[in-house]
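Asker: Quick one, what's the 3D model for this:
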Amino acid sequence: MQKIKTALLAYGMSGKVFHAPFLELHPGFELTGAWERSKKLIQEDFPLVKSYASIEELLKDEVDLVIVNTPVGTHFEYAKQVLLAGKHALVEKAFTTTVEEAEELKEIADEKGLKLTVFQNRRWDSDFKTVAAIFDKDILGEIVEAEIHFDRYNPNLSPKPHKETANDGAGVLKDLGPHIIDQALVLFGFPDALFADVRKTRENSVVDDWFDILLYYPNTRVRLKAGFFVREPLPSYILHGKKGSFLKSRGDIQEDELKLGKKPMVTDWGKEPEYKSGVLHTDIEGSEVRENIPTIPGNYYGFFDALYHSIRKNQPEPVTSQDGINVMKIIEAAIQSHSQQKIISFQN
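Answerer: Next up, the predicted model:
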């Protein structure tokens, strides 16, 4: 197996928790190091890798893939440098700060024959995998309405300056928003129109920390919500069809396990507690059914395995650059809708 030499553009929480453990686990990747600006931490966990002093030094090295896991406002600049240097790129969400930037990155990657993917890892969460499986079985009938929430209770401002200062990459719409926007697009496709309300609810917040987006489809309405004052949350996934309903709480355990330093595995990983099972209430072959649905285990290994096959076997990226562009289109339209207080329609 020809290994993909991979470097990180930072070794903070995302590099340590979401990327390095799976690069170490997958036999097709070799972690070469990370660009570290002040704290030099990666060699504490991986003594044989490099701590690069600059992105220029990193790009001159024998690296095949670069993970752009820096603040959102830097994604376009760094991803462009990576692609122009002839390296494949994995960019964290939000993909960029504008649709125009996202489209330019796609153009560069296409011209150079490089792989460009967006780290929409929540597609591999246990809760969403379970919802998607129910959706695909078509046992709810035609979906009339759906809601996806990413709710938290955290009234405090983040200690990370890039998250709480007024900049193009800050705010919950570009932080948690890409997760549930992407999930909605996976299930329902691109909408005809949307209406959005975006707010600041925390004391002294200068960035948005609450949103409510309504996606319009011909026969379906999909609501996406996130906020920081939800102490007692509703189910994070609510699907109502003409035959029945499915409710599922947000229950994926991977992030918490990884933060505790637990090493992921290819199997026997990402199993939710049984009490977080989803509730299915529908009609199956003329009989009313109400039962708990066991949760499908989540595993971010699936993303990295698909990325390996994309690069080495020229298969499609696990999340395409067009997927990233589509999420940015929703975000830009949501900002426009909130500003103008009107429904924004998308031209086909």
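
Asker: does residue 89 really touch residue 109, like I thought?
Answerer: Yes: at 7.2 Å, residue 89 counts as touching residue 109 under the criterion of C-beta atoms under 8 Å. Yep, even glycine has a C-beta here, placed from its N, CA and C like the rest.

Asker: shared neighbours of these two, anything?
Answerer: 83, 115-116 (C-beta atoms under 8 Å, 6 or more residues apart in numbering).

Asker: Now do the helices in the chain.
Answerer: 13-14, 20-25, 42-45, 55-60, 75-84, 99-112, 126-137, 161-164, 172-175, 177-188, 254-259, 301-313, 321-340 (DSSP state H).

Asker: Residue 280: which of these is closest?
Answerer: For those, the distance to residue 280 is smallest for helix 126-137, at 6.8 Å, taking C-beta to C-beta.

Asker: In space, what's closest to residue 139 - neighbours in sequence excluded?
Answerer: residue 282 (5.5 Å; C-beta to C-beta, 6 or more residues apart in numbering).

Asker: Make a markdown table out of the shared contacts of residue 89 and residue 109 and add neighbour count and pLDDT.
Answerer: Formatted as a markdown table, the shared contacts of residue 89 and residue 109 follow (neighbours: other C-beta atoms under 10 Å; pLDDT from 0 to 100):
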| residue | neighbour count | pLDDT |
| --- | --- | --- |
| 83 | 26 | 98 |
| 115 | 24 | 98 |
| 116 | 26 | 98 |
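
Asker: any idea which of those residues is closest to residue 28?
Answerer: In terms of C-beta to C-beta, no member of those lies closer to residue 28 than residue 115, at 13.5 Å.

Asker: so the closest one makes contact with residue 311?
Answerer: Yes: counting by C-beta under 8 Å, residue 311 is a contact partner of residue 115 at 5.3 Å.

Asker: Name the residues contacting each of these two.
Answerer: 65, 88.

Asker: Domains in this structure, by residue range?
Answerer: The record's domain parsing of the chain by automatic domain parsing lists 4-121+303-314, 126-298+330-345.

Asker: which of these is buried the deepest?
Answerer: domain 4-121+303-314 (a mean of 20; mean count of other C-beta atoms under 10 Å).

Asker: Endpoints of that one, how far apart?
Answerer: 13 Å (C-alpha to C-alpha, to the nearest Å).

Asker: cool, stretch 42-50 as well?
Answerer: By C-alpha to C-alpha, the extent of stretch 42-50 from end to end equals 8 Å.

Asker: Run the chain-centre distance for that stretch.
Answerer: When C-alpha coordinates are averaged (C-alpha atoms, centre = their mean, to the nearest Å), stretch 42-50 and its chain have centres 27 Å apart.

Asker: Over to stretch 11-22?
Answerer: Centroid separation between stretch 11-22 and its chain, computed with C-alpha atoms, centre = their mean, is 15 Å.

Asker: what about dumping the CA coordinates of that stretch to CSV?
Answerer: The C-alpha coordinates for stretch 11-22 follow below in CSV (Å, rounded to 0.1, in the frame of the first residue of the first chain):
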residue,chain,number,x,y,z
TYR,A,11,-1.8,20.9,15.8
GLY,A,12,-4.4,22.3,18.1
MET,A,13,-7.6,20.6,19.1
SER,A,14,-8.7,19.6,15.6
GLY,A,15,-5.4,18.3,14.5
LYS,A,16,-4.9,16.3,17.8
VAL,A,17,-8.5,15.1,18.1
PHE,A,18,-10.0,14.8,14.6
HIS,A,19,-7.2,14.1,12.2
ALA,A,20,-4.0,12.7,13.7
PRO,A,21,-5.6,9.7,15.4
PHE,A,22,-7.2,8.5,12.1
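
Asker: so who does residue 170 touch?
Answerer: 72-73, 162-164, 207.

Asker: Please pull out the lowest mean pLDDT helix or strand from this protein.
Answerer: Lowest mean confidence among the helices and strands of the chain (mean pLDDT, DSSP states H and E): helix 161-164, at a mean of 83.
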